[in-house]
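Trainee: Predicted structure and sequence below. I'll ask about it afterward.
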Number of protein chains: 2
Amino acid sequence: MTTNSSPQLWLYDTTLRDGTQREGLSVSIEDKLRIARRLDQLGIPFIEGGWPGANPKDVQFFWQLQEDPLKQAEIVAFCSTRRPNSTAATEPMLQDILAAGTRWVTIFGKSWDLHVTTSLKTTLEENLAMIRDTIEYLRSQGRRIIYDAEHWFDGYKHNRDYALQTLETAIASGAEWLVLCDTNGGTLPHEISQIVQDVVRVTGELGTGDWGLGTRKDSSQSPIPQIGIHTHNDSEMAVANAIAAVMAGAKMVQGTINGYGERCGNANLCSLIPNLQLKLGYSCITEDQLTQLTEASRFVSEVVNLAPDEHAPFVGLSAFAHKGGIHVSAVERNPLTYEHIQPEQVGNHRRIVISEQSGLSNVLAKARSFGIDLDQLKAEAKQILQRLKDLESEGFQFEAAEASFALLMHEALGGRQKFFEVKGFQVHCDLIEGKETSNALATVKLAVDGKNILEAAEGNGPVAALDAALRKALVNFYPQIATFDLTDYKVRILNGHTGTAAKTRVLVESGNGRQRWTTVGVSTNILEASYQAVVEGLEYGLLLHSQTEAALKAPS
Amino acid sequence: MTTNSSPQLWLYDTTLRDGTQREGLSVSIEDKLRIARRLDQLGIPFIEGGWPGANPKDVQFFWQLQEDPLKQAEIVAFCSTRRPNSTAATEPMLQDILAAGTRWVTIFGKSWDLHVTTSLKTTLEENLAMIRDTIEYLRSQGRRIIYDAEHWFDGYKHNRDYALQTLETAIASGAEWLVLCDTNGGTLPHEISQIVQDVVRVTGELGTGDWGLGTRKDSSQSPIPQIGIHTHNDSEMAVANAIAAVMAGAKMVQGTINGYGERCGNANLCSLIPNLQLKLGYSCITEDQLTQLTEASRFVSEVVNLAPDEHAPFVGLSAFAHKGGIHVSAVERNPLTYEHIQPEQVGNHRRIVISEQSGLSNVLAKARSFGIDLDQLKAEAKQILQRLKDLESEGFQFEAAEASFALLMHEALGGRQKFFEVKGFQVHCDLIEGKETSNALATVKLAVDGKNILEAAEGNGPVAALDAALRKALVNFYPQIATFDLTDYKVRILNGHTGTAAKTRVLVESGNGRQRWTTVGVSTNILEASYQAVVEGLEYGLLLHSQTEAALKAPS
């Protein structure tokens, strides 16, 4: 429970930079923008967007955010210190950083003497000059600085004096945050605790002039920078290490959604936030934002197209799953007996495994969210539940395909409007080597009001051709289809280990300029699965349109 | 590094009992036996086999182990205390435990007053009697007892006195181990640390008679039982909590392979063992056994049929994967700079990942791993790097498609063997509504040694049909193709937000019964992308085969 007197912590998300280092994860600019806006809603105060200059995609991303900025969060550009034996003012990389137009810049520098000599191949003195020059230059251009001390803990253990000199240099140059990084992820919590305490003590003494730093360059900022923590999960300690650092005095916590990151990942914000806020009484985001955590976690995994970890703490599908028997009745009488927090606090929910009852209440709740009151229709609700279970055992999933779920409910209630009837399709696809592109031709057969229609269309792939043929067949009957748009298309192979005979689940997102909706199809044939989802996407669009028309015609 | 003077810890594996509580995990008796024997080899001293009596499968399992016992490990039967208001001697459940024929039995009992009154619905006094009677009865039948104090930490926080009374009872009745369980997984390391220290202190004082226990029942055992720890991962703290307990004096660590377990899982032995042994200097298993850890982890995931977690600490495929230029050259010069342990210590290995950020040093390192020395061919290496970057900007990704990368290298070096030439394909797919399934027909055109071949095949989807047609066309020339197998198929839509016109990336994994390899294809046409990947999969398989043949023929 956070209150006004709860000590404040600053969250710093690096999903869009360190998170994308995860093997197998790649994102488009559009994906990065969607994630940034979602993190902004979630109340994350600092969002690291990438390293503009190292990557053309990141340059674009920051430009787009200048056009259409985030609401609350500070978007942060990330960059290393300048190269050895040059100057910050003439370093092209730093011009890209300035062009990104952020208020805050995170500069990472070397703390570990070994890295200075073996990776950078320069002198310990020059490394300090690189830190100083880079921070001072960016400060002179009006930027506020977070200093990431790379390999901090290993550096400290090998050469404490030099490691502390790098921090001293960053402080004297005007960094406002010093973030201690366990870059290799090998440190254990008791070491983190001791070392962070030492840093807090030593940097605290800087204010008294003990280190002979004299006057800070800029009196507008707090005289002593605050400490942050950045941990990796190579020892399965990323979350525990971040907590240990906070308990030792760190005020900023860096991590990623779902713990995405290089090798074994970064500190998982989805575990850190509830631990810090619900168990240790720190204030990070509002209670209301905390209830969006589960949804945000799943949203990010959808956007990066990685299956969500069902066993993830706090936000996983199984995190509050209970198996039958005494256990369940006990948890229902007193949730405290078997649950460490209330699942609703993080937007998750209790699941009773193998229990019709819990399923039924889900269906009722879901129906209510589509404006359908099933509470008085228990028999129909049970039917829907059964149909849902049958379909889910075939590989359908309605969590992300709420439009298909709505159609299924209308079907069970006998109210599914027949805008058209599908009769079949054919797809033909040719590739002649040497020709520039392959071509696909689709033929669809439909019936509208008992009238058969046969239409064909081409596309640069079989699904595009199918989509084009369906629209062509329907647009004469439903001109509003011209405003529909296929906005996203995702494919997941369900039981991958049977090779190309595996089942395929396709999710299609459609839009009409105002609303977006998602439909699902499943088949061993990827074209059939795509066809199902595209067809339901068109049907749901027509349903939405007719509902809007009906509402407009109704007497107010 | 463990030495003869390293303090000893006792590992206790509960994969076969608590691990199987994981949603979606189910095992046969045969699976359980295979896992038990593998854990025995790994040097785990205590292996909990199940709850005989609660489950007919577990009864069988213990009988089979009586016929053919483990070599080193103690197999342990698990059971609750007797029911309220009965006697242990007349409790049928305990007869099943005795029939299991193990030397050791783990008895779990309630520590938390709330659970005694709400779950067991009995009195606090009767709960103590249940603990005492059950342990004394099993001791009288010659069993040695591990006492699992369920909900220990929650119980201690709510009613320390009563919680300690339950332990006092277990000690007085002759338990040799007291295992403190964080059953709901909600406790944080600093609490674990304080509470375990308190328990160690209090039970240590028992020897001095402070608690008025009088003489222990059995002087053959150590007068004061040792403390163990059993943690769950609901706060992403299971491993950190177990380590905190060990540092506070616990001598037994309970966990599961890969952290399998109910909800968010149990403490992961694959992370605990290397942390305890390599970082904290405890002795758990031999150094040689430790090098089997990665293989044991993957063996267990194979047997329970769950995909291994590629990002798992220590044992995951990505745990020692390196991206990015400078980074790779540094890690090759001095692994300490970017690796917290030597991967070989746990039987894992370093992997150089080829990706967008690749530098020349990555390409050289990768080439070496395919047995190709590019170090003297800098111009060719630069060419490969350029080709790689071009392909990646088109959406190819070679991180997971090492076989396609190898073909690309052979191509650049002019040594790509032409096993066959692709000339084109056609796919035809029909769906008539009402018919049970859709059908796909593929025609492929190839040339082998200048001879054109046209073949057609059907499949339950277009990719299966293409794969079948290609094999049919090639098997007469390359009979080894009959042993190839398409083992996995993955699809990713690259720029999803342009709908069905988006680019598709397909990864295909193939195998020949001994090796597996992955290839990649990219196109706006999903069928063309699949075709590319399937074709390269066949080509790489033929290349592997010819290399093996050549090696066999070469004079040794």
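Mentor: Cool, got the structure.

Trainee: show me the contacts for the closest residue to residue A:37 other than its chain neighbours.
Mentor: Distances taken as Cβ to Cβ, 6 or more residues apart in numbering or on different chains put residue A:70 closest to residue A:37, at 6.7 Å, once the chain neighbours are dropped. In short, each C-beta sits where N, CA and C put it, glycine included. Applying Cβ atoms under 8 Å, 6 or more residues apart in numbering or on different chains, one finds that residue A:70 lies in contact with A:36, A:37, A:40, A:47.

Trainee: What count of nearby residues applies to the closest residue to chain B within the stretch 151-300 of chain A?
Mentor: As assessed by Cβ to the nearest Cβ, chain B sits closest to residue A:186 within the stretch 151-300 of chain A, at 2.5 Å. Residue crowding around residue A:186 was assessed by other Cβ atoms under 10 Å in any protein chain shown; the count is 21.

Trainee: residue ranges with poor pLDDT in the stretch 1-150 of chain A?
Mentor: A:1-4 (pLDDT under 70).

Trainee: re earlier: among the contacts of residue A:70, which ones are in helices?
Mentor: Filtering those for membership in helices, criterion DSSP state H, returns A:36, A:37, A:40.

Trainee: Please pull out the lowest mean pLDDT helix or strand from chain A.
Mentor: Taking mean pLDDT, DSSP states H and E as the measure, helix A:356-369 is the helix or strand of chain A with the lowest mean score, a mean of 62.

Trainee: Give the next helix or strand downstream of that helix.
Mentor: Beyond helix A:356-369 in the direction of the C-terminus, DSSP states H and E gives the next helix or strand as helix A:378-393.

Trainee: Give me the helices and strands touching that following helix, please.
Mentor: With contacts defined as 3 or more Cβ pairs under 8 Å, 6 or more residues apart in numbering or on different chains; DSSP states H and E, the secondary structure elements packing on helix A:378-393 are helix A:356-369, helix A:402-412.

Trainee: tilt between the shortest one and helix A:378-393?
Mentor: Pointing back at helix A:402-412 there. Relative orientation of helix A:402-412 with respect to helix A:378-393: 130 degrees, computed using axes from the mean of the first three to the mean of the last three Cα atoms, to 10 degrees.

Trainee: where along the stretch 401-550 of chain A do the helices fall?
Mentor: If you assign secondary structure with DSSP state H, counting those that start in this stretch, the helices in the stretch 401-550 of chain A sit at A:402-412, A:462-474, A:526-553.

Trainee: and the longest one, does that touch chain B?
Mentor: In this case it means helix A:526-553. Yes. Judged by Cβ under 8 Å from any Cβ of the partner chain, helix A:526-553 comes into contact with chain B at A:526, A:527, A:528, A:530, A:531, A:534.

Trainee: likewise the second one?
Mentor: Yes. For a cut-off given as Cβ under 8 Å from any Cβ, helix A:462-474 has contacts with chain B, namely A:462, A:463, A:464, A:466, A:467.

Trainee: And stretch A:105-121, what's buried?
Mentor: Of the residues in stretch A:105-121, those with enough neighbours to count as buried (16 or more other Cβ atoms under 10 Å in any protein chain shown) are A:105-116, A:119-120.

Trainee: Out of the residues you listed, which comes closest to residue A:273?
Mentor: residue A:106 (20.2 Å; Cβ to Cβ).

Trainee: That closest one: what secondary structure?
Mentor: Classification of residue A:106 by DSSP: H, G, I helix; E, B strand; the rest coil places it in strand.

Trainee: contacting residues around it?
Mentor: Under the contact definition (Cβ under 8 Å, 6+ apart), the residues listed for residue A:106 are A:48, A:76, A:77, A:78, A:79, A:145, A:146, A:147, A:148, A:179.

Trainee: Using the three-state scheme, assign the nearest residue to it once chain neighbours are set aside.
Mentor: Using Cβ to Cβ, 6+ apart and skipping residues adjacent in sequence, the residue nearest residue A:106 is residue A:146, 4.3 Å away. What three-state DSSP gives for residue A:146 is strand.

Trainee: Next: residue A:175.
Mentor: When the structure is reduced to helix, strand and coil (three-state DSSP), residue A:175 reads as coil.

Trainee: For the longest strand along chain A, give the mean pLDDT please.
Mentor: Determined from DSSP state E, the single longest strand within chain A is strand A:421-432. Along strand A:421-432, the predicted local confidence has a mean pLDDT of 90.

Trainee: And for stretch A:490-503?
Mentor: The average of the pLDDT scores along stretch A:490-503 is 65.

Trainee: Okay, now the unreliable bits of the stretch 251-400 of chain A?
Mentor: Across the stretch 251-400 of chain A, residues meeting the criterion (pLDDT under 70) sit at A:323-329, A:332, A:352-362, A:365-366, A:369, A:399-400.

Trainee: Would you pull up the residue in it closest to chain B?
Mentor: Closest point on the stretch 251-400 of chain A to chain B, by Cβ to the nearest Cβ, is residue A:340, at 2.5 Å.

Trainee: Let me see the contact set for residue A:426.
Mentor: Residues near residue A:426 by Cβ under 8 Å, 6+ apart: A:442, A:443, B:428, B:429, B:430, B:431.

Trainee: Specify which member of those is nearest to residue B:5.
Mentor: Proximity of the contacts of residue A:426 to residue B:5 was ranked by Cβ to Cβ; the top entry is residue B:429 with 69.9 Å.

Trainee: quick one: residue A:232 from residue A:334, how far?
Mentor: Applying Cβ to Cβ, to the nearest Å, the value for residue A:232 to residue A:334 is 38 Å.

Trainee: Mind checking which of those two has more residues around it?
Mentor: Set side by side, residue A:232 and residue A:334 show more neighbours around residue A:232, with 27 against 13, by other Cβ under 10 Å.

Trainee: Test my guess that the more buried one contacts residue A:259.
Mentor: No. With contacts counted by Cβ atoms under 8 Å, residue A:232 stays clear of residue A:259, the gap being 9.6 Å.

Trainee: Can I get the longest strand of chain A as PDB, trimmed to CA atoms?
Mentor: Output of strand A:421-432 as PDB, limited to C-alpha atoms (Å, rounded to 0.1, in the frame of the first residue of the first chain):
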ATOM      1  CA  GLU A 421     -22.100 -16.800 -46.500                       C
ATOM      2  CA  VAL A 422     -18.700 -18.200 -47.400                       C
ATOM      3  CA  LYS A 423     -18.700 -21.000 -50.000                       C
ATOM      4  CA  GLY A 424     -15.000 -21.600 -50.500                       C
ATOM      5  CA  PHE A 425     -11.800 -20.300 -51.900                       C
ATOM      6  CA  GLN A 426      -9.000 -21.200 -54.200                       C
ATOM      7  CA  VAL A 427      -5.500 -19.900 -54.100                       C
ATOM      8  CA  HIS A 428      -2.900 -20.200 -56.800                       C
ATOM      9  CA  CYS A 429       0.600 -19.200 -56.400                       C
ATOM     10  CA  ASP A 430       3.500 -19.300 -58.900                       C
ATOM     11  CA  LEU A 431       7.100 -18.600 -58.600                       C
ATOM     12  CA  ILE A 432       9.300 -18.800 -61.600                       C
END
